[in-house]
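[1] Make a model of this:
(chains A and B)
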Amino acid sequence: MIAVRTVYKRYGDREILKGISFDVQRGEALAVIGPTGAGKTTLLRIIDLLEKPTSGALYIDGVDTGASEKARLDIRRRIGVVFQKPVVFNASVYDNVAYGLKIRGEGRASLHQKVKRALEMVDLSGYEDRRAQTLSGGETQRVALARAIVIQPEVLLLDEPSANLDPVSTAHVEKLILRIIQELNTTLVMATHDMSQGQRLADRIGVLMEGEILQTGEPREIFNRPKSKEIAEFVAVENVIDGIISSSREGVVSMEVGGKVIEGISSFDPGEEVCACIRAEEVTLALSKTPSSARNTFLGQIIRIVSIGPLARVELDCGFPLVALVTRRSAEELDLQSGKDVYASFKATGVHIIKSKGD
Amino acid sequence: MSELAHAFVTALKLIFTGDPEVLSITARTLEISCASTLLGALIFIPLGSLIYFHDFRGKRLLVNIIQTLFSLPTVFVGLLVFVTFSKAGPLGGLGILFTPTAMVVGQVILIAPIITGLTISSLRGVSLEIRDTAVSLGASRFQTIQTILREARYAIAATLLLGFGRAISEVGCATMTGGNIRGFTRTLTTTMALETSIGNTELSMALGIILIALALIVAVLVNRLQQR
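    Okay, here's the model as predicted:
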């Protein structure tokens, strides 16, 4: 459906996008995740044909979008977009949602039906006559969403769909996006700096950093097997530990970290400088050394415990810093507190080893 | 003080008893100023839009010149119109000098920079995000321009009211182009100037009160529009 080919975008001396290529299949939901300033919005604006790439090509359904202005307008009319900070026209909610249909010359009766349906989908029935500019941030976001979906777009682009919303409104908007994907079978491209949102809403994730797509894959792959240290840190792998491979045998490597040895599944050769990525939720804690299938067990001292909702983030010193995420109930049962010694364990399969410096 | 109070009371009497001269002057003033504003709107809102929506060399300089002309001296405009339409002038053959038509022409010239310049400012006031939103929703270039104009409608309406305010309150151009002919080209301001000079302060005061009331109505409407 969407084919991005070696797209560069420069503003003066600043290169925002550096040769980006990827495809999005019809009906697929792709989340482009990356830190602020990575070029996500620029990429979305190029796909929405609001901007032209400095070089490279963009094909929608096989049609070269650089062909002519007429072709660009025709393609643009098949795309819906919700901007990061959506603006509404100085008109009623109804007129805002009806805008895209009116400019396409939609008949009055069918226009009314479609607007009504779109407002129902975003839970804004009854808001028709309200002035759109008097709505709250969450409601404005939903009007923008209704305005984008009312034209039944083949492609829906969402730029940070919940960047300015409180957690309740975010949850609401995410629920609506999921419903739209399912009911309308729209191809979705979403930009977000919230990697967990990408995980919740997308079939596939592309990691965009400093204008380059560094990795694409299913959410599970991105979060558990990041390709580089930068990606690992961005997708909140709490433990990214530098070390050197000391031995390698039958796919299991030993990695030396400050006199301790961490075992993981990898094919790196001895002497190579690597990083071990261990998700904090993979680390379990115990008061005594108990027999388990985990190849890695270290005695460590608790440095700090921070409560995060129903979880407790436990920072340990095991000769190297290690973070574990346990339920608060477990933390209470184990009577975890700063200064206490505990055993931290994790499986070799929970250790993802990558090169210390990216390729 | 008592003279002022006397003039004020007499003025109110003239207004509330519906003095024919007061009514006639007020009607003629409104007629001329409304015609000027309407004509100015028809010509200079499109011109302002044309300037805003097109990029060309010297655009910034042109906008600066337009803004400078906001304070165009009314007597200078009066002089231009007088010279143009006087018998020896290039358009003297039209024979419109000292008629309401010449006054309308003068006022249109006077408010042209205000309507053009403030139309440009009104359109600038519409955020770029509105333009992007319209384009992204599939608007053609023409539909995008329509949308931006619609978004700026209250600011443009306020611009017209300001133009009307400028037209109705000026005296120099109206005197020079209309000649202050009784029952024909006398307006609120020109009559006030004349009647005061001959000592008829009561009539001047009555007309002044009407002028202030009209200015107040314009100000209230501008404020209300700017809040929308």
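[2] if I look at B:Ile130, how far off is B:Ala219?
    Shown here: B:Ile130 relative to B:Ala219, a distance of 28 Å by C-beta to C-beta, to the nearest Å. Glycine gets a C-beta too; all of them are placed from N, C-alpha and C.
[3] Would you mind naming the helix or strand containing B:Val22?
    If you go by DSSP states H and E, B:Val22 is part of helix B:20-53.
[4] about what we covered before: B:Ile130 and B:Ala219: who's more crowded?
    B:Ile130 (19 against 13; other C-beta atoms under 10 Å in any protein chain shown).
[5] wait, doesn't the more buried one sit right on B:Leu149?
    No: judged on C-beta atoms under 8 Å, B:Ile130 makes no contact with B:Leu149 at a distance of 11.1 Å.
[6] quick one: common contacting residues for those two?
    Here B:Ile130 and B:Leu149 share no contacting residue, scored by C-beta atoms under 8 Å, 6 or more residues apart in numbering or on different chains.
[7] give the contact list for the residue of the stretch 151-300 of chain A at minimum distance from chain B.
    Residue nearest to chain B within the stretch 151-300 of chain A (C-beta to the nearest C-beta): A:Ile151, separated by 6.9 Å. Applying C-beta under 8 Å, 6+ apart, we find A:Ile151 in contact with A:Arg77, A:Gly80, A:Gly100, A:Leu101, A:Arg104, B:Leu137, B:Gly138.
[8] Identify the residues contacting the closest residue to A:Ser247 other than its chain neighbours.
    Nearest residue to A:Ser247, sequence neighbours excluded (C-beta to C-beta, 6 or more residues apart in numbering or on different chains): A:Ser254, at 4.6 Å. A:Ser254 makes contact with A:Ile245, A:Ser246, A:Ser247, A:Ser248, A:Val261, A:Ile262, A:Glu263, according to C-beta under 8 Å, 6+ apart.
[9] what about the second one, which SS state?
    Of the three states, A:Ser246 takes strand according to DSSP: H, G, I helix; E, B strand; the rest coil.
[10] B:Val104 and chain A: what is the separation?
    B:Val104 is 33 Å from chain A, where distance means C-beta to the nearest C-beta, to the nearest Å.
[11] Also B:Gln67?
    From B:Gln67 across to chain A, the span is 25 Å (C-beta to the nearest C-beta).
[12] Any idea how many residues pack against that residue?
    B:Gln67 has 16 neighbours, counted by other C-beta under 10 Å.
[13] dump the residue contacts of it.
    Applying C-beta under 8 Å, 6+ apart, one finds that B:Gln67 lies in contact with B:Pro113, B:Gly117.
[14] and it, that one's in a helix?
    Yes: counting by three-state DSSP, B:Gln67 is found in a helix.
[15] rewinding a little: pick out whichever of the contacts of A:Ile151 sits closest to B:Tyr154.
    For those, the closest approach to B:Tyr154 (C-beta to C-beta) belongs to B:Leu137, at 21.7 Å.
[16] Would you check that that closest one makes contact with A:Ala146?
    No: B:Leu137 is beyond contact range of A:Ala146, at 11.8 Å (criterion: C-beta under 8 Å).
[17] what comes up buried for the helix or strand containing A:Ala118?
    Here A:Ala118 sits within helix A:108-121, counting by DSSP H and E. Across helix A:108-121, burial judged by 16 or more other C-beta atoms under 10 Å in any protein chain shown covers A:Leu111, A:Lys114, A:Val115, A:Ala118, A:Leu119, A:Met121.
[18] Residues of chain B that sit close to chain A?
    Within reach of chain A by C-beta under 8 Å from any C-beta of the partner chain, chain B has these residues: B:127, B:129-130, B:132-140, B:143, B:147, B:150-151, B:154, B:228.
[19] same thing but 7 Å
    With the criterion set to C-beta under 7 Å from any C-beta of the partner chain, chain B comes near chain A through B:127, B:129-130, B:132-133, B:135-140, B:143, B:151.
[20] And the residue of the stretch 101-250 of chain A that's closest to chain B?
    Chain B sits closest to A:Ile103 of the stretch 101-250 of chain A, with a gap of 5.0 Å, by C-beta to the nearest C-beta.
[21] so how many other residues sit close to that residue?
    20.
[22] do the same with the one 3 residues further on
    Look at A:Glu106: counted by other C-beta under 10 Å, it has 18 neighbours.
[23] Then A:Ser55?
    Neighbours of A:Ser55 (other C-beta under 10 Å): 12.
[24] Can you mark which positions in the longest strand along chain A are buried?
    When chain A is parsed with DSSP state E, its longest strand is strand A:296-308. Residues of strand A:296-308 classed as buried: A:Asn296, A:Thr297, A:Phe298, A:Gly300, A:Ile302, A:Ile305 (neighbour count, 16+ other C-beta under 10 Å).
[25] same check, this time on stretch A:340-351
    For stretch A:340-351, by 16+ other C-beta under 10 Å, it's A:Val342, A:Tyr343, A:Ala344, A:Ser345, A:Phe346, A:Lys347, A:Ala348, A:Gly350, A:Val351.
[26] And stretch B:204-219, by the same measure?
    By neighbour count on 16+ other C-beta under 10 Å, the buried set for stretch B:204-219 is B:Ser204, B:Met205, B:Ala206, B:Leu207, B:Gly208, B:Ile209, B:Ile210, B:Leu211, B:Leu214, B:Val218.
[27] returning to that earlier point: tell me which entries of the contacts of A:Ile151 lie within strands.
    Using DSSP E, these in strands are A:Gly80.
[28] Rebuild the contacts of A:Ile151 as a markdown table, extending it with neighbour count, pLDDT and distance to A:Arg200.
    Below are the contacts of A:Ile151 laid out as a markdown table (neighbours: other C-beta atoms under 10 Å in any protein chain shown; pLDDT from 0 to 100; distance: C-beta to C-beta, whole Å):
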| residue | neighbour count | pLDDT | distance to A:Arg200 |
| --- | --- | --- | --- |
| A:Arg77 | 18 | 93 | 30 |
| A:Gly80 | 29 | 93 | 20 |
| A:Gly100 | 28 | 96 | 27 |
| A:Leu101 | 23 | 96 | 30 |
| A:Arg104 | 14 | 94 | 32 |
| B:Leu137 | 28 | 94 | 27 |
| B:Gly138 | 22 | 93 | 29 |
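[29] What is the nearest of the contacts of A:Ile151 to A:Lys229?
    Using C-beta to C-beta, A:Gly80 is the member of the contacts of A:Ile151 that lies nearest A:Lys229, at 36.7 Å.
[30] That closest one and chain B, how far apart?
    With distances taken as C-beta to the nearest C-beta, A:Gly80 is found 8 Å from chain B.
[31] which regions of chain A sit below the pLDDT cut-off?
    A:357-359 (pLDDT under 70).
[32] next SSE after the longest helix seen in it?
    Ordering each helix of chain A by length in residues (DSSP state H) puts helix A:167-184 first. Remark: after helix A:167-184, the chain's next helix or strand is strand A:187-192, criterion DSSP H and E.
[33] Tell me the strands beside that following strand, with direction?
    When pairing is defined by DSSP bridges, strand A:187-192 lines up against strand A:29-33 (parallel), strand A:155-159 (parallel).
[34] got a list of contacts for the first one?
    If I follow you right, that is strand A:29-33. By C-beta atoms under 7 Å, 6 or more residues apart in numbering or on different chains, the surrounding residues in contact with strand A:29-33 are A:24, A:40, A:43, A:181, A:188-193, A:195, A:198, A:201-208.
[35] Show me which of those are buried.
    Among these, those scoring as buried are A:24, A:40, A:43, A:181, A:188-193, A:195, A:198, A:201-202, A:204-208 (criterion: 16+ other C-beta under 10 Å).
[36] burial measure for A:Met245, as a count.
    That one is not Met; residue A:245 is Ile. By the criterion of other C-beta under 10 Å, A:Ile245 has 20 neighbours.
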